[in-house]
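Trainee: Generate a structure from the sequence data that follows.
(chains A and B)
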Amino acid sequence: MSTAILAQFMAELLSGRIRLVDLTQTLTPEFPTIVLPPELGQAWPFRIEEISRYDERGPAWYWNNFSCSEHTGTHFDAPVHWVTGKDQPNNAVDSIPVENFIAAACVIDVSAEAAKDPDFLLTIDFVQAWEAQHGRIPERSWVLLRTDWSKRSGAKEYLNMAEDGAHSPGPDAEVVPWLIRERNVHGFGTESIGTDAGQAHHLNPPYPCHYFMHGNNRYGLQCLTNLDQLPPQGALILAAPLKIRNGSGSPLRVLALTPRT
Amino acid sequence: MTDATPKPKRKSPVARTRLPTLPPASRSRAALGLARAAAEGRFEMQACADCGAVQYPPREVCGSCLSERLDWREVANGGALIATTTLRHSNDAYFRERLPWRVGTVKMDAGPSVVAHVHEDCHEAGRVRLALKLDRSGQAVLHALPAEDTPNMNDSPQLRETHCDPKHRRVLVTDGRSTLGRAMVKALLDAGASTVFVGDPATWKADAGFDAFVASDPRIEPVALDVTDTDSVDRLAASIGAKVEILINTADHLRDGGVMNARDVGLARDAFDVNVLGLMRLAQAFGPTMCFRAADGTHGAVAWVNLLSIHALAALPARGAWSASKAAALSAALTLRAEFAGAGIRVVNVFPGPIDDEWEQLTPPPKLAPSAVAASVVRGLRDGVEDLYVGDVAEELRARLRDNHKAVERELGG
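Mentor: Reported below is the predicted structural model:
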């Protein structure tokens, strides 16, 4: 039975009836990483140095060394990333059960609201209104926040930094525990630099998405792109981080499988 | 009177670019004592500890009493110009391109009669000041200058061969966002630089003050530049590399933290990435083009300035990782100096004491105003020095390192 389903799945994929959408930003040195006060430890941005390019350093081959943090570019947050998730079982990228790397996704479109208010916060009411239109969020589903933030060009617009810090949308402090308790979601994903809003350090608790999601052994995805190509419900997400021993996260390729409409 | 050097005209795009040539560089080891003085803009000559005779050129023994006890001493630089001649022919490639060239004999108040390059404003039989200058080979030469400053004195073609005046030149300041970087840009504009490319390592930062600063002068051109990103450095070099005549590397990563007394090597790695590898990335991207343009017209590529610290020479254990990066940067800069020597481009190493910025908040005074450091760099470029100790703290530490470096170690560690 399963063999037949997999064969059919491949056939659907080859025929284009199932479409693959790349939700990943290209890793480049200029892609911004999260900015913390300068006296704190900083996440390395992506950096790349050529080892050789068919030259005297290696005549027939081209390759590079690169460096970055676990939280650079489009990346996965494991529960151990946050202090609230430190004692959860299987909370690091190497120990998370592999079946958790495939999950359905609900895409909540707040792009119009975020365009008007960069500090827009997703609320329970907003999610309930979304459910009234698109159906209840199924269990073990990613909730992805479409803000069109990935369409902002350049680090300045993307980070949207003012004198009082970054301004970008995210969930409020009530909706995150509600999604976990009432909908048993798999995790939360965003297009901006973190799963939390730019001003989330002023919420209670600070960084509620990190605080609650990881505290309940759920996952995070950020710096996603192409969310505008996904249906509100029905897409399947493949998001498997690198297998770093006790890693708190990792850059990764995030792919969505969507029915062609 | 010397004519002011006019602003260079636009270059013909089809003319061959003149390649750099150098004046004769070989010196005896004794003669290199002159280079040590000239590198810092001091005037020193060999003097005999036994008979007191001052001698020139430097030798292994005293020319008067054959004593080997020869010291280097600051001596009076005044003298009388007793004869001059103007060369209109030379078999040396460097001088051939620069004829006519005026030389002469000066009877020094300190004793010796010396042959020197003679400034056009010096009058025969008149009083002159002698100065030890580094020529394009990086070797010390004697220049006879008018006893009193004359208008546009520094613009005399012969003297211009010894200095790196930013006037009418295009300068890249690698980090123009820092307090020091901004002061540097301002000082360069005041000195008549024709363009200052202002490197911006954080284009995402919201800073109305910086934006206003960048807009304050049409000669400022902001450019994105992160010296930790090879691609960023390469891209900038590809777009403005052929315009940079002076590069001033102000990029720095100053943080507290020791060697054992640090949680990890993260801070050290960041400091080395900016202060050492950043310097190397800049050198690899901008250096070769600067070498090629070292004799390009009247205002070719001329100098590379590294903002180091006096702690490149004496580790400050409270900032051990940073000190190590500055020491490594100094070592890299000395190699760079050797690599630039063939083109005659001067590498100027600047060793300031603590600068009054946000990272030195808890450092007790005296601290250097960023504008004072910047003014000192401009002065150093105009004077043609290659080692610049800025401020009382730096000068004192330097003197004490010569006197008893063990005392410095113990006191900085205390």
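Trainee: Could you list everything B:Val348 pairs with in the sheet?
Mentor: Per DSSP bridges, the residues bridged to B:Val348 are B:Val305.
Trainee: what about it, distance to B:Ser376?
Mentor: Distance of B:Val348 to B:Ser376, given as Cβ to Cβ, to the nearest Å: 11 Å. Placement of C-beta: from N, CA and C, glycine included.
Trainee: Same check on A:Leu255?
Mentor: 57 Å.
Trainee: higher neighbour count, those two?
Mentor: B:Ser376 (18 against 15; other Cβ atoms under 10 Å in any protein chain shown).
Trainee: Pull out the buried positions in the longest helix seen in chain A.
Mentor: Counting by DSSP state H, the longest helix found in chain A is helix A:2-15. In terms of neighbour count (16 or more other Cβ atoms under 10 Å in any protein chain shown), helix A:2-15 has no buried residues at all.
Trainee: Pairing partners for whatever helix or strand comes next after that helix, with directions?
Mentor: Next in sequence after helix A:2-15, counting helices and strands by DSSP states H and E, comes strand A:18-22. Paired with strand A:18-22 in the same sheet, following DSSP bridges, are strand A:254-259 (antiparallel).
Trainee: what residue of the chain is the furthest out?
Mentor: In the absence of a named chain, chain A is used. A:Glu56 (40.3 Å; Cα atoms, centre = their mean).
Trainee: should've been chain B
Mentor: B:Cys65 (37.7 Å).
Trainee: Show the model's pLDDT score for that one.
Mentor: On pLDDT, B:Cys65 comes in at 97.
Trainee: What are the boundaries of the helices in the chain?
Mentor: Answering for chain A, as no chain was given. A:2-15, A:111-116, A:124-134, A:154-159, A:175-183, A:208, A:215.
Trainee: I was thinking of chain B, sorry if that wasn't clear
Mentor: With DSSP H as the criterion, chain B has helices spanning B:32-39, B:93-96, B:157-160, B:179-190, B:208-215, B:230-240, B:266-272, B:278-292, B:320-340, B:370-383, B:392-413.
Trainee: For A:Asn184, which non-adjacent residue is closest in space?
Mentor: Leaving aside its sequence neighbours, A:Asn184 sits nearest to A:Glu139 (Cβ to Cβ, 6 or more residues apart in numbering or on different chains; 4.5 Å).
Trainee: Repeat that for A:Glu174.
Mentor: A:Ile124 (5.7 Å).
Trainee: what do you get for B:Pro157?
Mentor: B:Pro157 sits nearest to B:Arg98 (Cβ to Cβ, 6+ apart), 6.9 Å away.
Trainee: Please look at the one you found and B:Arg160 and confirm they touch.
Mentor: No: using Cβ atoms under 8 Å, B:Arg98 is not in contact with B:Arg160; the gap is 9.9 Å.
Trainee: count of neighbours near the nearest residue to B:Phe340 once chain neighbours are set aside?
Mentor: Spatial nearest neighbour of B:Phe340, excluding adjacent residues (Cβ to Cβ, 6+ apart): B:Val347 at 5.6 Å. Using other Cβ under 10 Å, B:Val347 has 21 other residues around it.
Trainee: what sits against B:Val347?
Mentor: B:Ala303, B:Trp304, B:Val305, B:Asn306, B:Ala333, B:Leu336, B:Arg337, B:Phe340, B:Glu386 (Cβ atoms under 8 Å, 6 or more residues apart in numbering or on different chains).
Trainee: Might you report the residue contacts of the third one?
Mentor: If a contact means Cβ under 8 Å, 6+ apart, then B:Val305 has B:Ile246, B:Leu247, B:Ile248, B:Asn249, B:Val347, B:Val348, B:Asn349, B:Val350, B:Val377, B:Leu381 as its contacts.
Trainee: Show me which residues of chain A sit near chain B.
Mentor: A:28-30, A:32, A:35, A:39, A:41-42, A:45, A:47-49, A:154-156, A:158-159, A:161-163 (Cβ under 8 Å from any Cβ of the partner chain).
Trainee: Report how many residues lie close to residue 98.
Mentor: Just so you know, I chose chain A. When neighbours are counted by other Cβ under 10 Å, A:Val98 registers 8.
Trainee: That was the other one, I meant chain B.
Mentor: 16.
Trainee: Give me the distance between it and chain A.
Mentor: Distance, B:Arg98 to chain A, using Cβ to the nearest Cβ, to the nearest Å: 39 Å.
Trainee: Point me to the residue of the stretch 1-150 of chain A nearest chain B.
Mentor: A:Pro29 (4.2 Å; Cβ to the nearest Cβ).
Trainee: Let me see the contact set for that residue.
Mentor: A:Pro45, A:Phe46, A:Arg47, A:Ile48, B:Asp226, B:Asp229, B:Thr230, B:Asp231, B:Ser232.
Trainee: cutoff 10 Å now
Mentor: A:45-48, A:66, A:68, B:226, B:228-232, B:235 (Cβ atoms under 10 Å, 6 or more residues apart in numbering or on different chains).
Trainee: In those residues, which residue is surrounded by the most others?
Mentor: That'd be B:Asp226 among these, by other Cβ under 10 Å, with 25 neighbours.
Trainee: any idea of the pLDDT on that one?
Mentor: 97.
Trainee: cool, A:Met1 as well?
Mentor: Confidence score, pLDDT, at A:Met1: 66.
Trainee: re the thing from before, from B:Asp135, how far off is the residue nearest to B:Phe340?
Mentor: With Cβ to Cβ as the criterion, B:Val347 and B:Asp135 are 15 Å apart.
Trainee: about what we covered before: which of the helices of chain A is buried the deepest?
Mentor: Mean neighbour count (mean count of other Cβ atoms under 10 Å in any protein chain shown) peaks for helix A:208 among these, with a mean of 24.
Trainee: next helix or strand past it?
Mentor: Per DSSP H and E, the first helix or strand lying C-terminal to helix A:208 is helix A:215.
Trainee: and that following helix, what other elements does it pack with?
Mentor: helix A:175-183 (3 or more Cβ pairs under 10 Å, 6 or more residues apart in numbering or on different chains; DSSP states H and E).
Trainee: For the helix it packs on, which helices and strands make contact with it?
Mentor: Using 3+ Cβ pairs under 10 Å, 6+ apart, helix A:175-183 is in contact with strand A:121-122, helix A:124-134, strand A:141-146, strand A:170-171, strand A:187-190, helix A:208, helix A:215.
Trainee: next one: the last one to chain centre, how far?
Mentor: Meaning helix A:215. Offset of helix A:215 from its chain centre (Cα atoms, centre = their mean, to the nearest Å): 17 Å.
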